[in-house]
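Engineer: Would you be able to build a 3D model of this:
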Amino acid sequence: MEYLDGETLAQRISRLGRMTCEQFFPILRQELASREAIDRGNLRALPESAETASFLGDLNQQAELSGLRIRLVEPRPEEPDTHYVRLPVNLQLAGSYHHLARFFYNVSRLERLISMENIHLHAPVMDADQVVLSVDVLATTYRRPSAEEAQPQNASAPARAGGRR
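Structural biologist: The predicted structure follows:
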């Protein structure tokens, strides 16, 4: 393992092994603060709760900022997976091609993980000086499974043969 400063794990252990507790404590505190900051960032990207209202609010805000009209917002049932739970939402939007591009770009800049799938552009119509497209898209965000949701998967694993007696 190599750290950001180019030091290997073996080099770091050797260097830190020669330190007193008073010298070592600030380094540990700094490492802990760094890891907590990374964990906070990960929780924003992949929260532990669904936060569906926040997710829908973010999509609505980005659509409005991009100049799109929202025709339909249809939350779908959660889809559990091994390491995450998918939270899909069907969207029907209308706007110009550039408004759509701005919306997808703005959504990609959000802290939370959101994927846009099954994008269908259809029914172009002239409105004043621009072509207005209708778009059907599946917006999906994710969350961490709770301990209870992860538990049944582990419990259903077959017991190892030859265990302790």
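Engineer: those helices in this protein, which residues are they?
Structural biologist: Ranges of helices in the chain, per DSSP state H, are 9-17, 21-45, 52-66, 97-108, 147-155.
Engineer: Could you check how far the residue nearest the centre of the chain is from residue 72?
Structural biologist: When the chain is reduced to its mean C-alpha position, the closest residue under C-alpha atoms, centre = their mean turns out to be residue 113, at 2.4 Å. As for residue 113, its distance to residue 72 is 23 Å (criterion: C-beta to C-beta, to the nearest Å). Using the backbone N, CA and C atoms, a C-beta is placed for each residue, glycine as well.
Engineer: Next: residue 58.
Structural biologist: The value you get for residue 58 to residue 72, if C-beta to C-beta is used, is 17 Å.
Engineer: do residue 22 as well
Structural biologist: Summarising the geometry, the distance separating residue 22 from residue 72, computed by C-beta to C-beta, is 63 Å.
Engineer: more crowded one of these two?
Structural biologist: The residue with the greater number of neighbours, taking residue 22 and residue 72 and applying other C-beta atoms under 10 Å, is residue 72; the counts read 10 against 7.
Engineer: OK, contacts around residue 144?
Structural biologist: Remark: with contacts taken as C-beta atoms under 8 Å, 6 or more residues apart in numbering, residue 144 is in contact with 46-48, 84-85.
Engineer: how does it look with 10 Å?
Structural biologist: Residue 144 is in contact with 42-43, 46-49, 83-85, 150, counting by C-beta atoms under 10 Å, 6 or more residues apart in numbering.
Engineer: Which pLDDT value goes with it?
Structural biologist: Note on residue 144: pLDDT of 87.
Engineer: Break this structure down into its domains, please.
Structural biologist: Residue ranges for the structural domains of the chain, counted by automatic domain parsing, are given in the record as 9-45, 52-148.
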